[in-house]
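Peer 1: how would this look folded up:
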Amino acid sequence: MCNVFLWNGARNSAMGAKIAWDSVCTPKEAGGLGLKRLEDWNKVLGLKLIWLIFTSGGSLWVSSSFWHDNWTSLGPLIELVRERRPQVSGLRREAVVAEALTSDGWWLARSRSRSPTIALLKACLPNAQEIMESEEDDMYIWFPEPGRDIGVFSASDTWRAMHPSPIEVFWHEVVWFTGRIPKNVSLLGLQLETECNQVWAFFVSRLNLVSPQSFKAVLRWLKAPTRNKNVTLIIRLIHQAVLCLVWKERNKRIHTAVEKPPGTLIAETQQIVKLRLDPPTRRQITPQGQDLVLATWFSFFAG
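Peer 2: Modelled structure (predicted):
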């Protein structure tokens with residue numbers, strides 16, 4: 001992430017944020033950078049941990065605490081018999097439900113004690129035979145939202161349930177397309193008021209395209225500037241590179257009074273885009289007679 005842009009300009013400092021964290025953490029589709037808040041993501045991972053604890057524990061009777069869990073639907077038994085009464089029953093305070101079962105049923109089945117605690121426990125315990133005859137482990141189903149079960153836990157589905165889809169901005173596909181320049185996107189996604197300039201006009205002219213004048217109109221146009229997929233990718237990359245370089249040039253002129261001529265910015269843009277086109281060209285599979293994207297680039301910008 002370009003912390004120099006997001007923070008105060010110092011590479012090793014996160015003090016004095018220039019961009020509201022709400023904007024940085026807004027989904028890409030809504031005009032932000034799509035970063036997840038650690039606090040919110042931690043909640044999702046915490047839910048995943050709870051899910052794993054339950055699903056890896058096997059049967060409820062094996063893993064549930066006899067005294068402290070609400071496994072009888074009457075509430076925790078420790079609340080019924082009070083804190084000091086478990087010792088009267090002979091079952092340790094840390095016992096799980098399975099420890100209270102014997103081959104004959106509950107460990108209290110043959111007790112002749114007249115203790116009120118023992119009598120209360122006998123009345124509260126469910127049928128032991130039904131529990132022992134249950135051979136299948138408990139099944140858990142994850143419901144990220146009421147009425148919508150997805151079976152097993154999904155962190156992405158849970159995140160979307162906790163953060164409903166916001167209103168999309170029309171230009172997000174132009175900014176976050178496949179093959180984008182990551183470093184430039186982090187600036188472009190938040191710096192969307194830069195006007196088209198001489199550098200942008202040079203590339204549009206060389207590609208034999210006609211671009212709108214206003215910035216928002218350009219973004220709409222970039223969704224489908226031409227039927228040629230190679231040229232579409234090229235002009236989108238040029239758009240990102242030009243905005244990034246012009247933004248940097250603006251800051252440099254303000255703080256150092258050093259200026260680069262348009263020709264230098266054009267040459268730097270060409271270098272950035274040409275290098276960025278190499279990886280997709282290596283992966284590209286084209287029908288016979290159709291140019292690779294890098295070949296299309298050189299047909300417009302030789303050398």
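Peer 1: May I see the buried residues of stretch 281-298?
Peer 2: Going by neighbour count (16 or more other C-beta atoms under 10 Å), the buried part of stretch 281-298 is 281, 284, 292-294, 296-297. Backbone N, C-alpha and C define where each C-beta goes, glycine included.
Peer 1: From those residues, which shows the smallest pLDDT?
Peer 2: The pLDDT minimum for the buried residues of stretch 281-298 sits at residue 284, where the score is 85.
Peer 1: buried ones in the longest helix that the chain contains?
Peer 2: If you go by DSSP state H, the chain has its longest helix at helix 229-256. Neighbour-count burial for helix 229-256 flags 230-249 (criterion: 16+ other C-beta under 10 Å).
Peer 1: Now do the following helix or strand past that helix against helix 229-256, angle only.
Peer 2: Using DSSP states H and E, the helix or strand that follows helix 229-256 in sequence is helix 262-283. Helix 262-283 and helix 229-256 are oriented at 140 degrees to each other (axes from the mean of the first three to the mean of the last three C-alpha atoms, to 10 degrees).
Peer 1: So which elements touch helix 262-283?
Peer 2: helix 198-206, helix 229-256, helix 293-300 (3 or more C-beta pairs under 8 Å, 6 or more residues apart in numbering; DSSP states H and E).
Peer 1: buried residues in the first one?
Peer 2: Just to be clear, that refers to helix 198-206. 199-200, 202-204.
Peer 1: quick one: which of these is nearest residue 41?
Peer 2: residue 200 (37.7 Å; C-beta to C-beta).
Peer 1: From residue 256, how far off is the closest one?
Peer 2: 23 Å (C-beta to C-beta, to the nearest Å).
Peer 1: cool, and residue 302?
Peer 2: 34 Å.
Peer 1: got it, and residue 276?
Peer 2: 27 Å.
Peer 1: Please apply the same query to residue 248.
Peer 2: Taken as C-beta to C-beta, the span from residue 248 to residue 256 is 11 Å.
Peer 1: quick revisit: what would the buried residues of stretch 281-298 look like in TSV with distance to residue 118?
Peer 2: As requested, those are exported to TSV (distance: C-beta to C-beta, whole Å):
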residue	distance to residue 118
281	81
284	78
292	84
293	81
294	84
296	86
297	86
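Peer 1: just for the stretch 51-200 of the chain, where's the confidence low?
Peer 2: Where the stretch 51-200 of the chain drops to pLDDT under 70, the residues are 57-63, 83-85, 133-138, 147-150, 170-197.
Peer 1: can you name the two of the buried residues of stretch 281-298 that are farthest apart?
Peer 2: Maximum pairwise distance among those (C-beta to C-beta): 12.2 Å, between 284 and 297.
Peer 1: Now stretch 112-121: buried residues?
Peer 2: 117-118, 121.
Peer 1: which non-adjacent residue is nearest residue 274?
Peer 2: residue 297 (6.3 Å; C-beta to C-beta, 6 or more residues apart in numbering).
Peer 1: who's in contact with that neighbour?
Peer 2: Residues counted as contacts of residue 297 (C-beta atoms under 8 Å, 6 or more residues apart in numbering) are 230, 234, 273-274, 277.
Peer 1: what does residue 54 give?
Peer 2: Here residue 54 is in contact with residue 140 (criterion: C-beta under 8 Å, 6+ apart).
Peer 1: Surely it forms part of a helix?
Peer 2: Yes - assessed with DSSP: H, G, I helix; E, B strand; the rest coil, residue 54 lies in a helix.
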